[in-house]
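>>> next one to model:
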Amino acid sequence: MRTLRTRWTALAPLFALAALAACTPAADSGEDGAAAGDETSQEAAQGVAIEGVESFYGEYGDYVTVMAAIQDGEVTAEDLEYPFVAQQEHVDTATDWDGQPPVYDLVPPAGGNHLSVWQTCTGSVYDAPLIDGHAVHSMEHGAVWLTYDPELVAPEAVDALALLIQNRDYSLMSPYPGQGPAVSLQSWGNRYQTDDPADPVIEAYLDEFILNDRFNPESMATCAGGVNTTVES
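The predicted model follows:
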């Protein structure tokens, strides 16, 4: 966790998912996802061997490298194309906080200033949308957040996706209406989006990015004991 400062610091049923893919309506990726994909070089995901993953670290490639560059005075967060990869303030602890949760340019967000309590992310499946600022804090702890558009993913496919998350610590899942693609996975500074809820990359992303040392701003931080509320509770 950070308080107004930057600190340096199961197996899934793929056959079930494949069978359910035909139940899911197709959708085009949203403008936000397309723009980020166009602007993000594959070279930015240094060492990440999963095709289609978007990295928001630019030439630095990962959290460890970009924070070293900031500490050495080579660059500031504001100089980055996506400053949120180095922004970790707790907005609700500021004396001038207006009581409103942070709003993010990237939807769903993949990092940035956030709320001081994380969303419980112990293989947690939520049936309603979350407050972004809590889920971003979970990603700061090394979690992967899987979101889906309930208008684009059939209930049977939602259940199959939930099986990928349940009992997998440092992960969480929730609906995110209007996000653009059918399914989006985000971790700190990285994202993968797909219109196929049976896409095998979904599980590969979870395996690669959960508690990945290169992209984990707060190693050893817990996913238990956070908030369990949703925007509807």
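>>> wait, Asp195 touches Leu152, no?
Yes: when contacts are counted by Cβ atoms under 8 Å, Asp195 is listed as touching Leu152 (7.3 Å). C-beta coordinates here come from the backbone N, C-alpha and C atoms, glycine included.
>>> what are the ranges of the helices in this structure?
Under the criterion DSSP state H, the chain carries helices at the ranges 14-20, 31-39, 63-71, 132-140, 155-165, 201-209.
>>> lowest-pLDDT helix or strand in the chain?
When the helices and strands of the chain are scored by mean pLDDT, DSSP states H and E, helix 14-20 comes last with a mean of 44.
>>> show me what contacts the residue nearest to Pro83 when sequence neighbours are not counted?
Excluding the flanking residues, the one nearest Pro83 by Cβ to Cβ, 6 or more residues apart in numbering is Ala77, at 4.6 Å. Ala77 is in contact with Thr6, Ile70, Pro83, Val85, Ala86, Gln87, counting by Cβ atoms under 8 Å, 6 or more residues apart in numbering.
>>> tell me, how many neighbours does Val144 end up with?
The tally of other residues near Val144 (other Cβ atoms under 10 Å) stands at 28.
>>> can you pull the contacts of the residue nearest the centre of the chain?
The centre of the chain sits closest to Gln186, judged by Cα atoms, centre = their mean, with a distance of 2.3 Å. By Cβ under 8 Å, 6+ apart, the contact set of Gln186 is Pro108, Pro109, Ala110, Met139, Val144, Trp145, Thr147.
>>> can you rerun that using 7 Å?
Residues near Gln186 by Cβ atoms under 7 Å, 6 or more residues apart in numbering: Pro108, Ala110, Met139, Trp145.
>>> in strands, which of the residues you listed fall?
Taking DSSP state E as the definition of strands, these contribute Trp145.
>>> pick the one among the contacts of Gln186 closest to Val64.
Minimum distance to Val64 across the contacts of Gln186 is 15.6 Å, recorded for Met139 (Cβ to Cβ).
>>> which non-adjacent residue is nearest the closest one?
That would be Trp188: by Cβ to Cβ, 6+ apart, it lies 4.7 Å from Met139.
>>> which stretches of this structure have low pLDDT?
1-48 (pLDDT under 70).
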